[in-house]
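J.: predicted model and sequence below, questions to follow.
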Amino acid sequence: MGRYSVFGAVVAVVLAVVPAGRVAAEVFAVPRAIRQLRAPKEEFHVLRSPAGVILGEQHFQAVVTGDRLGFAITTRFTSGEEWDEHGEMDLAEGFRSRLFQKTVRRSGRVFAEQHVDFTTGKVVWLVDGVQAERTMTFAPDTYIGPMMAMVLAGVPEKSPAASSFQALVFRPDPAVFTLRAEAVDQEDFTAGTRVEPATKLRVRADLGPVQNVLLASLIPTHYFWFTRESPPEFLAFEGALGNGIEVVMVPETPTTKTARSQ
């Protein structure tokens, strides 16, 4: 693979919209480069505000064993908030979500947890000491935030370069929404001293023309950049995380422990 991995972004997407009514079944294809990821892949990312202020850092690891992709993500914010996320996807017949769990700590205390078994539909979540449980039905193309940079890498090479899919989000209760990813530009993306030719994807709710207009002010739009290599690889993300913080995130090895030193 090139300098950047399609695994790079970890995005906890939270959308304030009505639940999706579509039940989709077109899972995203798995690039050969990912199927051959037999040695652990490791990346670091720095999170900055749109104005360039450092907000935190992230450590990402992933590996493929057989037809299973496992990933682990640790995010530390300068505010002291910490996220630990783990997930698993089945690659045998395209990207299919299997498991996901997330723990959020504030001042060292567990503030929130999310546990999702996509194979059974069982969802358990904890918010500030209150736990709840629900059984849901997931379409084969249902993904959760940290998986999106993996599955969306194939969109730039499609014709047209667009796809709709299902997203599971917590607000704080879990709900499924239809999102649409589409290429909106080709541009040179500047990341530090690097300038990379990139394809820009816009990801937003896909609710139909009427609801999209009526709820436009309530639906956050997110952007992903992928290199114009073949296969495309994740380069950057811009948008709101699950805690409401607006960030720009690119692969970068931190020179200091930003999440602890600031």
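T.: Yep, that arrived.

J.: pretty sure Leu87 contacts Arg96?
T.: Actually, residue 87 is Gly rather than Leu. No: shown here, Gly87 and Arg96 do not form a contact pair, counting by CB atoms under 8 Å, at 11.9 Å. (C-beta placed from N, C-alpha, C; glycine too.)

J.: give me the more crowded residue out of those two.
T.: Neighbour totals were compared for Gly87 and Arg96, and Gly87 leads with 25 against 21 (other CB atoms under 10 Å).

J.: quick one, phi/psi of that one?
T.: phi -150, psi 170 (degrees, to the nearest 10).

J.: which pLDDT value goes with it?
T.: pLDDT for Gly87: 97.

J.: nearest residue to it other than its sequence neighbours?
T.: Among residues not flanking Gly87 along the chain, Phe100 sits closest, at 4.3 Å (CB to CB, 6 or more residues apart in numbering).

J.: so what's that neighbour bridging to?
T.: Gly87, Val116 (DSSP bridges).

J.: would you check how far apart it and Ala191 are?
T.: From Phe100 across to Ala191, the span is 28 Å (CB to CB, to the nearest Å).

J.: what about these two, which has more around it?
T.: Shown here are Phe100 and Ala191; by other CB under 10 Å, Phe100 has more neighbours (23 against 18).

J.: contacting residues for the more buried one?
T.: Applying CB atoms under 8 Å, 6 or more residues apart in numbering, we find Phe100 in contact with Glu85, His86, Gly87, Glu88, Gln114, His115, Val116, Phe118, Ile144, Pro146, Met147.

J.: okay if I get these as JSON lines plus distance to Pro251?
T.: Output for the contacts of Phe100, formatted as JSON lines (distance: CB to CB, whole Å):
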{"residue": "Glu85", "distance to Pro251": "17"}
{"residue": "His86", "distance to Pro251": "20"}
{"residue": "Gly87", "distance to Pro251": "19"}
{"residue": "Glu88", "distance to Pro251": "22"}
{"residue": "Gln114", "distance to Pro251": "25"}
{"residue": "His115", "distance to Pro251": "28"}
{"residue": "Val116", "distance to Pro251": "26"}
{"residue": "Phe118", "distance to Pro251": "27"}
{"residue": "Ile144", "distance to Pro251": "21"}
{"residue": "Pro146", "distance to Pro251": "15"}
{"residue": "Met147", "distance to Pro251": "17"}
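
J.: go through these and name the one nearest Gln131.
T.: Distance to Gln131, by CB to CB, is smallest for His115 among the contacts of Phe100, at 10.0 Å.

J.: angles on the backbone of Arg38, please.
T.: As for Arg38, its main-chain torsions (degrees, to the nearest 10) stand at phi -90, psi -20.

J.: tell me who's in contact with the residue nearest to Leu99 when sequence neighbours are not counted.
T.: In space, and not counting its chain neighbours, Leu99 is closest to Glu88: 4.4 Å by CB to CB, 6+ apart. Listed by CB under 8 Å, 6+ apart, the contact partners of Glu88 are Arg68, Leu69, Gly70, Phe71, Arg98, Leu99, Phe100.

J.: my guess is the fourth one contacts Ile144, does it?
T.: No: checked against CB under 8 Å, the pair Phe71 and Ile144 is beyond contact range at 11.5 Å.
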